[in-house]
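Q: for reference, the sequence and a predicted model appear below.
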Amino acid sequence: FVAVGYSLELVPLAVKVAAVNRIVQQSEKMKKIEVKRQHLYQIVGICVLAICIYLATWTAIDCPILQEKMILLTKTDDDNNGNLNIVEVKSFCASSSRAWQIAKS
């Protein structure tokens with residue numbers, strides 16, 4: 001859901017910047033331009049729909065799998081049994097393939 005949230009935040013911003021850029025370019029040529037609000041909404045809707053389709057396809061093809069990461073916090077010597085290790089276990093869901101993560105390097 002994070003990707004959809006960022007899309008709802010950044011895509012409208014990019015669409016507005018493109019519209020302002022188009023207005024400035026046309027004003028330099030002394031031409032009248034009409035920017036329809038409905039057209040801007042359509043562009044945002046198409047982009048968000050494409051992202052939702054991408055995420056749904058990713059989830060359907062490569063379901064997230066529960067994974068655990070163990071982190072050694074302290075390693076001490078115990079008087080009776082030898083070594084005493086304190087390990088923190090973090091559980092998270094992740095995809096088994098890195099091919100879906102386009103922007104992550």
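A: Nice, I can see it.
Q: need the three-state assignment for Cys47.
A: helix (DSSP: H, G, I helix; E, B strand; the rest coil).
Q: that one against Leu10, yeah?
A: No: the criterion here is Cβ atoms under 8 Å, and Cys47 misses it with Leu10 at 9.4 Å. Yep, even glycine has a C-beta here, placed from its N, CA and C like the rest.
Q: so these two - more neighbours on which side?
A: More crowded of Cys47 and Leu10, by other Cβ atoms under 10 Å: Cys47, with 17 against 11.
Q: Thr74: how many residues sit nearby?
A: Neighbours of Thr74 (other Cβ under 10 Å): 9.
Q: give me every residue that touches it.
A: By Cβ atoms under 8 Å, 6 or more residues apart in numbering, the residues touching Thr74 are Asn85, Ile86.
Q: what stretches of this structure score poorly on pLDDT?
A: For the chain, the stretches with pLDDT under 70 are 1, 75-83, 100-105.
Q: any idea how far stretch 5-17 is from the chain center?
A: Remark: stretch 5-17 is offset 13 Å from the chain centroid, using Cα atoms, centre = their mean, to the nearest Å.
Q: I'd assumed Ser91 was in a strand, is it?
A: Yes: assessed with three-state DSSP, Ser91 lies in a strand.
Q: quick one, phi psi at the nearest residue to it once chain neighbours are set aside?
A: Nearest residue to Ser91, sequence neighbours excluded (Cβ to Cβ, 6 or more residues apart in numbering): Glu68, at 5.3 Å. The phi and psi values for Glu68, taken as degrees, to the nearest 10, are phi -130, psi 140.
Q: which parts of the longest helix along the chain are buried?
A: The residue-count maximum for a helix in the chain (DSSP state H) belongs to helix 2-28. For helix 2-28, a neighbour-count test (16 or more other Cβ atoms under 10 Å) marks Ser7, Val11, Pro12, Val15, Ala19 as buried.
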